[in-house]
Every structure is written in structure tokens, then in C-alpha cells.
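Trainee: build me a structure from this.
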Amino acid sequence: MDKPKIELKLPIIANMELVAINTAEVVAKHMDLSEDKAAEISMALIEACINAFEHSQAQNNVFIHFILEEDTLVIKVIDQGIGFDKSKVQIPKIENKLGTDERKRGWGLQLIKELMDTVEFESTKEGTTVTMTKKKES
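Mentor: Predicted coordinates for the structure are as follows:
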């Protein structure tokens, strides 16, 4: 039997990541994931969606695939934007941001890696796919 798969096609409009979060919550419940794991998935998914919406320069939609494996949830966030060079993404130094009005941004990729069990980025000029996994048991 094929693994269950949910596919979302989200237009790039404000707050559309909430649709992805609602789906993630239903999937996490279906897979009997703990509330902590469900929250980590939601936070990582928000970051991945916002990155796709804000940085990809995609003209149309962002696609999100939830693949339910026996003991692992696989989530793919796919945009058809300009891509990015992961080696050029700099994690900001927190001490440079504290006590300043500078926007507290730039930690999205690092946060996704901390929240999920595995994270892979595939990026070309045709777009980016972020593949994240969360195992039932860690």
C-alpha cells in the first residue's frame, strides 16, 4: 500500500502558513505524535513557509507535502522561486541584535534544523525544496 500523502498548494498571501499548520496538527494527531513534537513541527513549518513566501520570489504557489511513513513524518516545502546558496546564509550573532532595534530575524534555517530530526535543502534557479522529518520516537 502507498504511504498516505497530503498535498497542499498555497497561494503566496498573508497568513497562508496557518493552513499548513492546521494540516500538520491533524497529521501529528493521526500519527499519535506527542504535543511537544507537534509543536516543534508547527514551528519548523512556519519558518519554512515564511522563508518560501518572503525569500523565494516565487510568483505563484508554495507546495507542501506531508508523507506519513510508519514511524516518521516527512514534510516537503517546495517553491518555484529563485533558489538560494545555503553556504551564503549567515546565522546572525545574537549579541549584535540584543538591545538594538535591528530586526530579530535570520535564524529560520537554524531553528528548523534544531526543531526537526533531519533537514535537507535542495535549491536551484528553478526553486527550493526543504525536506524535514520528525520521528515518532527520538
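
Trainee: show me the strands in the protein, by range?
Mentor: Ranges of strands in the chain, per DSSP state E, are 5-11, 61-68, 72-79, 118-124, 127-135.

Trainee: what's the closest non-adjacent residue to the residue positioned nearest the centre of the chain?
Mentor: Centrality entry for the chain: nearest residue to the mean C-alpha point is Ala48, 2.9 Å, by CA atoms, centre = their mean. Spatially, and ignoring its direct neighbours in sequence, Ala48 is nearest to Val77 (4.2 Å; CB to CB, 6 or more residues apart in numbering). All C-beta atoms are positioned from the backbone trio N, CA, C, and that covers glycine.

Trainee: so that neighbour touches Cys49, yeah?
Mentor: Yes - counting by CB atoms under 8 Å, Val77 does reach Cys49; the two are 6.3 Å apart.

Trainee: okay, and the common contacts of those two?
Mentor: Common contacts of Val77 and Cys49 (CB atoms under 8 Å, 6 or more residues apart in numbering): Val62, Ile64.

Trainee: show me the contacts for Val77.
Mentor: Taking CB under 8 Å, 6+ apart as the criterion, Val77 is in contact with Leu45, Ala48, Cys49, Ala52, Val62, Phe63, Ile64, Thr129, Val130, Met132.
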